[in-house]
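Asks: got a sequence here, can you model it:
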Amino acid sequence: MAGKSKSGGVTYRTKAKQHFFRSLDLNDVITPADDDQGAFTGTKLVCSLGPSSHTVPVLEAMLNAGMVAARIDLTWGGLDFHRKSLQALNTAMANTRKLCAIVVDTLGREVMVRRPCILAEDGWPAHPDPISITAGQTITITSRQDIESSADVLPVTYPHLHTMCEAGDTIYIGRYLVCGSDSASLYLKVLSVEGQDIKCQAQNSADMDGLMTVFHMERSNDSLLNLQNNLPLLSDYDKSAIMALGQDFEVDFVSLAYTRTGEDVLEARAFLDSIGMSSCKILAKVETRQSLLNCNGILHTADGVVISRGNIGLDVQPEKMALVQKALISNCNLLGKPVLITRVVDSMVTNPRPTRAEATDIANAVLDGTDGILLGAETLRGAYPVEAVSTIAQICRVAERVFDSATHYETLMEATQVLDGASKVGTQSATLLHHTNGNGVDNRDDLSGSSRTNSEDDVQALSIDSYQDTFAGPKGHNMPSRTATTASAGSLAYALANSGPHRLQPLSKLESLASSAVRAAGKVDADMIIVYTATGRTAQLVAKYRPPMPILTLVVPRLVN
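Replies: So this is what the prediction gives:
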């Protein structure tokens, strides 16, 4: 339903995702589920390849267990290692006759501790000497490039980190793919900044092993005050690695680390187009509060979103984390954009079984509407990569069986009609705003150079207030707001507020076709929906409505001269 937020802006409020039990008898609930590995799983599993998952036998087992995409993370590991992993993946796909997408995750704006490393026998880099830190110990983080690492001094790769910090800030240092609860997690409180040196006090004891990444945590609860590093979206290594892997392998997705704005996505798209990878899709990783506050632009430009819960959990208040995840998933569901979450079974790095909280977390994410789960350390260096994949796939299958597809369908139908109507009204209102001011007075000369003609920007106003409420809450009056401009006369928000949410608009032809197919399949209890497509857009729209049956996509290629 549409309505107004506390700040006066127009927002679309989604209904809570629901699940249902056909029987409340616990004997039925705890009946063992079908453990057939060949069973359909709607929630897709993306697995990081590394020392624990780069051989053909392991990759075959992971494919059979439910892996549908393999992730290559350029943050760590040499290009030769990643090539061998993808070659093994191709062999595993041929042996199992199962397709697997390739996702390349960029290094981007990552800040790391500079330490010497050696190559293990399998070609994976390793740090031979761990560093032990004791709570209360004074540690210096330095931007100087001529300093060697030790237990007291940690040099970082970013030469301007000292310019971003001030006394009282919190800096988190953790092992690669570890965020928050591992023994290799270190929280530091900044005592002072002296030149290029940042004097800190350790808040906890930690054993720092492997590659260590640095995260400057948000200092403000009400607004975005932290300075952001000026590292490029794509490093030179990112660009050369993507080009090299794209020439030898069919890269399906590029996952953009530390995406901050929609402009970042457009920059990455321009680069991919320039190297002949126009068909490669872009997944934007939402990792900081800045990306959350600019999330609307990211959602409308990216092909999908990855909620990087490790870093987001550091940059957002703990009590807000669940709301952030649910809000992001709901917005992606409304737009029909795939959304994935990370950090689901950290304990399975060293244990063959997840904790109760982790199992519940996975199921709740599926019931909230998440489309995929990205495994990091669990499959990259974990002791049980195959078990992690099979366990998560089984949890997802069971949760999907009690997902209320009918309620989800009706909610999206109403929302889509409102948003489709919003786009149409927005186009008209943009033309009106181009020629008149809020009082209806002709103002063409003044507005001709600054009017906004993209109605998609207006659609973004529908949900920005939900993020403001999520982050700032009732006391968040200092947070920058866009509603003061988007709700002006002639804008989409103004038009929606005055037309009423009950005046639903006709769907687009393609959306109508996709939604009708899902409805018809549900009415006749079909076993499968078959979609003919050239670009995949039709199949994506069908999947948006989350039908309970599998979707088989038949691609009709387009001939190009």
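Asks: show me where the stretch 101-250 of the chain has strands.
Replies: 101-105, 111-112, 118-119, 125-126, 131-133, 138-142, 153-155, 170-175, 185-194, 197-202, 206-208, 212-216 (DSSP state E, counting those that start in this stretch).
Asks: distance between the fourth one and the chain's centre?
Replies: Chain-centre distance of strand 125-126: 27 Å, with C-alpha atoms, centre = their mean, to the nearest Å.
Asks: same deal with the first one?
Replies: For strand 101-105, the separation from the chain centroid amounts to 14 Å (computed by C-alpha atoms, centre = their mean).
Asks: so which of the strands of the stretch 101-250 of the chain comes closest to V254?
Replies: Nearest to V254, of all the strands of the stretch 101-250 of the chain, is strand 101-105, at 5.3 Å by C-beta to C-beta. From N, CA and C alone the C-beta is placed, and that goes for glycine too.
Asks: just the mean pLDDT for the closest one, thanks.
Replies: For strand 101-105, mean pLDDT is 98.
Asks: what does stretch 355-372 give?
Replies: 95.
Asks: L231 against T106, yeah?
Replies: No: using C-beta atoms under 8 Å, L231 is not in contact with T106; the gap is 11.3 Å.
Asks: neighbour-wise, which of these two wins?
Replies: When L231 and T106 are compared for neighbours, T106 comes out ahead with 25 against 16, by other C-beta atoms under 10 Å.
Asks: how would you label the most centrally placed residue in the chain: helix, strand or coil?
Replies: By C-alpha atoms, centre = their mean, the chain has its centre lying nearest to V306, at 1.3 Å. Here V306 takes the strand state, with states given by DSSP: H, G, I helix; E, B strand; the rest coil.
Asks: which residues does it form beta bridges with?
Replies: Beta bridges link V306 to K285, L340, judged by DSSP bridges.
Asks: rewinding a little: now mean neighbour count too, for the strands of the stretch 101-250 of the chain, in a markdown table please.
Replies: Shown next, in a markdown table, are those (neighbours: other C-beta atoms under 10 Å):
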| stretch | mean neighbour count |
| --- | --- |
| strand 101-105 | 22 |
| strand 111-112 | 18 |
| strand 118-119 | 10 |
| strand 125-126 | 14 |
| strand 131-133 | 18 |
| strand 138-142 | 19 |
| strand 153-155 | 20 |
| strand 170-175 | 22 |
| strand 185-194 | 18 |
| strand 197-202 | 20 |
| strand 206-208 | 21 |
| strand 212-216 | 22 |
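Asks: for T407, find the nearest of these.
Replies: strand 101-105 (30.1 Å).
Asks: can you list the strands that the closest one pairs with?
Replies: Strand pairing (DSSP bridges) places strand 101-105 next to strand 67-73 (parallel), strand 253-256 (parallel).
Asks: could you save those as a markdown table and add columns showing mean neighbour count, mean pLDDT and distance to V531?
Replies: As requested, the strands paired with strand 101-105 are exported to a markdown table (neighbours: other C-beta atoms under 10 Å; pLDDT from 0 to 100; distance: least, C-beta to C-beta, whole Å):
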| stretch | mean neighbour count | mean pLDDT | distance to V531 |
| --- | --- | --- | --- |
| strand 67-73 | 23 | 97 | 17 |
| strand 253-256 | 25 | 98 | 20 |
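Asks: D404 is nearest to which of those strands?
Replies: strand 67-73 (24.4 Å).
Asks: now the element after the closest one, going C-ward?
Replies: Going down the chain from strand 67-73, the next helix or strand is helix 79-96, by DSSP states H and E.
Asks: what packs against that next one?
Replies: Applying 3 or more C-beta pairs under 8 Å, 6 or more residues apart in numbering; DSSP states H and E, we find helix 79-96 packed against helix 56-65, strand 67-73, helix 236-248.
Asks: now the longest one: mean pLDDT?
Replies: To tie it back to what came earlier, the one meant is helix 236-248. In this model, helix 236-248 has a mean pLDDT of 96.
Asks: give me the contacts around it.
Replies: For helix 236-248, contacts defined as C-beta atoms under 8 Å, 6 or more residues apart in numbering pick out 72, 74, 79, 82-83, 86, 102, 104, 106-108, 234, 251, 254, 271-272, 275-277, 280.
Asks: re the thing from before, any chance of the strands paired with strand 101-105 in a markdown table, plus distance to S508?
Replies: Output for those, formatted as a markdown table (distance: least, C-beta to C-beta, whole Å):
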| stretch | distance to S508 |
| --- | --- |
| strand 67-73 | 29 |
| strand 253-256 | 26 |
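Asks: before we move on, the earlier item: any of the contacts of helix 236-248 buried? List them.
Replies: For the contacts of helix 236-248, a neighbour count by 16 or more other C-beta atoms under 10 Å gives the buried set as 72, 74, 82-83, 86, 102, 104, 106-108, 234, 251, 254, 271-272, 277, 280.
Asks: poorly predicted segments of the protein, please.
Replies: 1-24, 28-29, 33-39, 179-182, 221-225, 419-506, 560-561 (pLDDT under 70).
Asks: follow-up on the earlier one: of the strands paired with strand 101-105, which is nearest A120?
Replies: strand 67-73 (16.7 Å).
Asks: and the angle for that closest one with helix 236-248?
Replies: For strand 67-73 against helix 236-248, the angle by axes from the mean of the first three to the mean of the last three C-alpha atoms, to 10 degrees is 140 degrees.
Asks: what's next to strand 67-73, contact-wise?
Replies: Contacts of strand 67-73 (C-beta under 8 Å, 6+ apart): 44-50, 59, 82, 85-86, 89, 99-105, 245, 252-253, 255, 372, 374, 376, 380, 389.
Asks: go with 7 Å
Replies: With C-beta atoms under 7 Å, 6 or more residues apart in numbering as the test, strand 67-73 has contacts from 44-49, 82, 85-86, 89, 100-105, 374, 389.
Asks: hang on, the earlier thing: tell me which of the strands paired with strand 101-105 sits nearest to Y384.
Replies: Closest among the strands paired with strand 101-105, using C-beta to C-beta: strand 67-73, at 13.9 Å.
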